[in-house]
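Q: attaching a predicted model along with its sequence, questions to come.
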Amino acid sequence: MEFIISTAILLFLVIDPFGNIPFFIEELKDVKQEKCKWLVLREALIALAVLLVFLIAGGQILFWLQISRGSLGIAGGVILFMIALQMVFGTTMVSQKHQAEPFIVPLAIPMFAGPSAITTVILVSGKAGASFFKCTASLIIAWMLATLILMFAKSIARLLGHKAVDASESLMGLLLTAIAVEMLINGIKASFF
């Protein structure tokens, strides 16, 4: 149970729903609130499918590409560190302008199931004590919490205000920085020691 909870927390932090609130609001600003919830749910389901594919086949994909888990840990740590720094210092990502409602890109991928989430899912599946059931349970718990937050992103932003949303994004960025450093350290250990 401890593995499931700790892994769910890790995946929740990496998916980073609070950091994604401003982006989702911007992408869906012209969509009515009720339709907005269904769009977020659809994009979240697509992201979940992508993450499940990497949970199931990630190790095999690494084998085919001849990438070690250590190298993946280093690459994932670097990407996550860059994202975390943007969150801590309040750098906003530029939104892509769509003529129609977003589909898969950019909400499902890369905002929900981005490189750091995919990397984390693959690395978690290869941990000692990890089983398919435990990893899947952790992913679904993190996914459900993140999806609920993003479905109500406009309401949360209105309730908390932009300052509180920005503060929570910075706090999540700080936690992600520590996780990124840990991924880097573990990747270096796995590669060289």
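A: Yep, it's here. Numbers count the residues shown, from 1 in each chain.
Q: quick one: Gly59 and Ile122 touch, right?
A: Yes - the pair Gly59 / Ile122 is scored as a contact, 6.9 Å apart, by CB atoms under 8 Å. Heads up, the C-betas are built off the backbone N, CA and C, glycines and all.
Q: these two: which has the busier surroundings?
A: Higher neighbour count among Gly59 and Ile122: Ile122, with 22 against 15, using other CB atoms under 10 Å.
Q: touching, that one and Gly58? I think so.
A: Yes - at 3.4 Å, Ile122 counts as touching Gly58 under the criterion of CB under 8 Å.
Q: quick one: residues contacting Ser168.
A: By CB atoms under 8 Å, 6 or more residues apart in numbering, the residues touching Ser168 are 18-19, 160.
Q: buried ones from the residues you listed, can you make that a ChimeraX selection?
A: In ChimeraX, this line selects whichever of the contacts of Ser168 come out buried by 16 or more other CB atoms under 10 Å:
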select :18,19
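Q: among the contacts of Ser168, which lie within helices?
A: Among the contacts of Ser168, the members falling in helices are 18-19, 160 (criterion: DSSP state H).
Q: surely Leu13 touches Met172?
A: Yes - judged on CB under 8 Å, Leu13 makes contact with Met172 at a distance of 6.4 Å.
Q: list just the nearest of the contacts of Ser168 to Leu148.
A: Distances from Leu148 to those, taken as CB to CB, are shortest for Phe18 (12.0 Å).
Q: for Arg69, see how far away the closest one is.
A: Per CB to CB, to the nearest Å, Phe18 is found 29 Å from Arg69.
Q: then Ser131?
A: In terms of CB to CB, Ser131 sits 17 Å off from Arg69.
Q: could you say which helix or strand holds the closest residue to Met87 other than its chain neighbours?
A: Nearest residue to Met87, sequence neighbours excluded (CB to CB, 6 or more residues apart in numbering): Gly173, at 2.8 Å. Per DSSP states H and E, Gly173 falls inside helix 153-192.
Q: try Gly129
A: Counting by DSSP H and E, Gly129 is found in no helix or strand.
Q: contacts only, for it.
A: Contacts of Gly129 (CB under 8 Å, 6+ apart): Phe3.
Q: need phi/psi at it.
A: The phi/psi pair for Gly129 (degrees, to the nearest 10) reads phi 90, psi 0.
Q: now do it against Arg158, distance only.
A: The value you get for Gly129 to Arg158, if CB to CB is used, is 42 Å.
Q: thank you kindly, that will do.
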